[in-house]
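J.: Sequence unavailable; structure follows:
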């Protein structure tokens with residue numbers, strides 16, 4: 001770890017949670033997402049990109065909070081259905097309502113492995129989880145399922161013979177077509193025990209194609225450009241899963257706690273939860 005100056009108003013605050021080698025001159029998707037959620041683990045370059053995006057699409061923070069709310073509802077459902085271990089891929093920077101907190105509110109025995117390739121996200125996760133048994137954070141690339149599942153900390157946390165909930169929430173749109181996201185999803189599915197499940201939320205164009213195009217352009221400035229996909233393309237990623245009601249829908253329409261929103265398409269992320277059909 002190394003210290004780095006971070007702006008706080010007119011002052012520079014020294015922080016010691018930045019791992020060596022992190023490029024602080026280039027915006028990072030995980031840190032921009034943290035900024036949208038009102039977090040403190042972001043830098044001026046991330047806030048600049050976020051502010052530019054919000055200027056073009058003012059509802060973005062609301063959309064990101066809706067995504068986080070879907071994650072919470074999905075984990076509550078999965079833990080309530082009897083699954084006791086979770087693999088959170090592209091987990092990002094820790095914030096309120098983490099997967100282990102939500103799952104353990106249902107059953108304290110739940111175990112969680114957080115996986116992200118961003119060293120800052122993993123550094124925060126490791127610090128947050130220090131002393132918490134049955135929960136780990138590792139730095140790995142979800143595009144290599146074999147390496148993720150073979151990681152010693154994952155092997156120590158996830159029992160391959162028991163049902164597993166794989167969480168791919170707001171991450172697959174950062175996987176390019178060339179990397180074949182369907183192959184990646186299938187690899188985790190095939191490595192999971194019978195009775196396992198998948199929760200997915202994937203960015204899509206929604207009703208504002210003009211804003212979506214601009215938003216994709218902003219992310220070309222990060223190391224993880226965004227690929228928004230159509231409903232048919234997202235549905236194809238769910239092969240081998242039996243979707244629970246209401247199926248593949250806009251994220252705000254997936255089992256909302258306060259009733260179906262009048263216009264769920266305002267939240268342009270497609271979400272679904274399904275159990276393996278084998």
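T.: Thanks, I have the structure now. Everything numeric here is computed off the predicted structure, so don't read it as measured data.
J.: can you pull out the strands in the stretch 101-250 of the chain?
T.: Counting by DSSP state E, counting those that start in this stretch, the stretch 101-250 of the chain has strands at residues 111-116, 135-139, 165-169, 197-203, 241-243, 249-250.
J.: could I get the ones you listed as JSON lines with distance to residue 97 and mean neighbour count?
T.: Using the backbone N, CA and C atoms, a C-beta is placed for each residue, glycine as well. Listed next are the strands of the stretch 101-250 of the chain as JSON lines, based on distance: least, C-beta to C-beta, whole Å; neighbours: other C-beta atoms under 10 Å:
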{"stretch": "strand 111-116", "distance to residue 97": "13", "mean neighbour count": "26"}
{"stretch": "strand 135-139", "distance to residue 97": "14", "mean neighbour count": "21"}
{"stretch": "strand 165-169", "distance to residue 97": "12", "mean neighbour count": "25"}
{"stretch": "strand 197-203", "distance to residue 97": "14", "mean neighbour count": "26"}
{"stretch": "strand 241-243", "distance to residue 97": "24", "mean neighbour count": "16"}
{"stretch": "strand 249-250", "distance to residue 97": "20", "mean neighbour count": "22"}
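J.: quick one, which of the ones you listed is nearest to residue 234?
T.: Residue 234 lies closest, by C-beta to C-beta, to one member of the strands of the stretch 101-250 of the chain: strand 197-203, at 4.8 Å.
J.: relative orientation of the closest one and strand 165-169 in degrees?
T.: Angle of strand 197-203 versus strand 165-169, following axes from the mean of the first three to the mean of the last three C-alpha atoms, to 10 degrees, is 0 degrees.
J.: Is there a neighbour count for residue 56? I'd like the number.
T.: 15 (other C-beta atoms under 10 Å).
J.: Now do it, the pLDDT please.
T.: On the pLDDT scale, residue 56 is placed at 76.
J.: Look up how far residue 106 lies from it.
T.: From residue 56 across to residue 106, the span is 39 Å (C-beta to C-beta, to the nearest Å).
J.: same thing with residue 186?
T.: Residue 186 is 28 Å from residue 106, where distance means C-beta to C-beta.
J.: neighbour count winner among the two?
T.: residue 106 (18 against 15).
J.: Contacts only, for the more buried one.
T.: By C-beta atoms under 8 Å, 6 or more residues apart in numbering, the residues touching residue 106 are 76, 79, 80.
J.: Now neighbour count, distance to residue 266 and pLDDT too, for the residues you listed, in JSON lines please.
T.: What follows is those, written out as JSON lines (neighbours: other C-beta atoms under 10 Å; distance: C-beta to C-beta, whole Å; pLDDT from 0 to 100):
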{"residue": "76", "neighbour count": "16", "distance to residue 266": "23", "pLDDT": "98"}
{"residue": "79", "neighbour count": "22", "distance to residue 266": "28", "pLDDT": "98"}
{"residue": "80", "neighbour count": "11", "distance to residue 266": "28", "pLDDT": "98"}
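J.: Quick check: of the residues you listed, which lies closest to residue 204?
T.: Lowest distance from residue 204 to those (C-beta to C-beta) belongs to residue 76, with 23.7 Å.
J.: wait, the closest one sits on residue 102?
T.: Yes. Counting by C-beta atoms under 8 Å, residue 76 touches residue 102, with 6.0 Å between them.
J.: Let me know how buried residue 101 is, in neighbour terms.
T.: With neighbours defined by other C-beta under 10 Å, the count for residue 101 comes to 16.
J.: Thanks a lot, see you next time.
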